[in-house]
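> 3D, please:
(chains A and B)
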2 protein chains.
Amino acid sequence: MKNQPNIEGLKSKIKFGIKFWLEFEGKSILGSGWAELLKNIEKNEEGSLTQAAKECSYSYKYAWNILKRIERRTGNPIVITGKGGSGGGGWVKLNEWGKFLLNVYQQYLEEIKKIEKSLSEKMINI
Amino acid sequence: MKNQPNIEGLKSKIKFGIKFWLEFEGKSILGSGWAELLKNIEKNEEGSLTQAAKECSYSYKYAWNILKRIERRTGNPIVITGKGGSGGGGWVKLNEWGKFLLNVYQQYLEEIKKIEKSLSEKMINI
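Now for the predicted structure:
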């Protein structure tokens, strides 16, 4: 008979991970990182993509590519852009489709957070 | 004013994805693939790892490495092994720790499935 570990003593070290994302026709369009970018764009009154990207530790180019990827995958742009603004380099804002996707993501994230909480409480009782 | 997409028409194409895994001291130890392997080991009465691995489309070596990885990450083996058996090459069975981890995973998976169902129903009403 081999030694068995003390399961009681190990239980508390077990946790779980959950990842959640939105898909459009089976293609991933919004996970936590990309949603963060959209949120930063939405709250940035100047419409500065440079600033929104920076807050996610993304480069401007990487952030712009994310917007383009979501556009390609959903068949519709998620931002409107224009020239001028305080930075002089142009501005970017979420359009209705972009706002809608971010809103759906955030609503589900709220549900997922509730679920994580209730699963964590169950985890205590295993 | 740019054309906006018909959001109503696009809604039904939005789905969500969820990934779930167990962690031990912050290290991933059991996701859907590895749990499948443990389940196959548990149900295989002959204790054949070759057979259990095959059912997951894993090689014997890959499957064995998974068992070793979980052992390293949790600090305890999850199987007992022995010589002989119908195949002649030895047998493998989950020990108490292996059974415990699989059971915890499966319990949480049940919860996750319920959650997926209820989120899908909410998704219909976005």
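> So for chain A, which residue is the most central one in space?
The C-alpha lying nearest the average C-alpha coordinate of chain A belongs to residue A:32 (C-alpha atoms, centre = their mean; 2.3 Å).
> Check the gap between it and residue B:75 for me.
Shown here: residue A:32 relative to residue B:75, a distance of 30 Å by C-beta to C-beta, to the nearest Å. Where C-beta positions appear, they are placed from N, C-alpha and C, glycine not excepted.
> And for residue A:25?
44 Å.
> give the contact list for the closest residue to residue A:82 other than its chain neighbours.
For residue A:82, ignoring the flanking residues on the chain, the nearest one in space by C-beta to C-beta, 6 or more residues apart in numbering or on different chains is residue A:91 at 5.4 Å. Listed by C-beta atoms under 8 Å, 6 or more residues apart in numbering or on different chains, the contact partners of residue A:91 are A:46, A:47, A:48, A:81, A:82, A:83, A:84, A:85.
> Redo those as JSON lines? Include pLDDT.
Output for these, formatted as JSON lines (pLDDT from 0 to 100):
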{"residue": "A:46", "pLDDT": "86"}
{"residue": "A:47", "pLDDT": "89"}
{"residue": "A:48", "pLDDT": "91"}
{"residue": "A:81", "pLDDT": "93"}
{"residue": "A:82", "pLDDT": "90"}
{"residue": "A:83", "pLDDT": "85"}
{"residue": "A:84", "pLDDT": "74"}
{"residue": "A:85", "pLDDT": "65"}
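> So which of the residues you listed sit within helices?
Assignment to helices by DSSP state H places none of the contacts of residue A:91 there.
> So which of those belong to strands?
A:81, A:82 (DSSP state E).
> Show me how to select, in PyMOL, the buried members of the contacts of residue A:91.
To isolate the buried ones among the contacts of residue A:91 in PyMOL, judged by 16 or more other C-beta atoms under 10 Å in any protein chain shown, type:
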select buried, chain A and resi 47+48
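> can you list the residues of chain A near chain B?
By C-beta under 8 Å from any C-beta of the partner chain, the residues of chain A that approach chain B are A:2, A:4-5, A:7, A:10, A:13-26, A:28, A:74-77, A:80, A:95-97, A:100-101, A:104, A:107-108, A:111-112, A:115, A:119, A:122-123, A:126.
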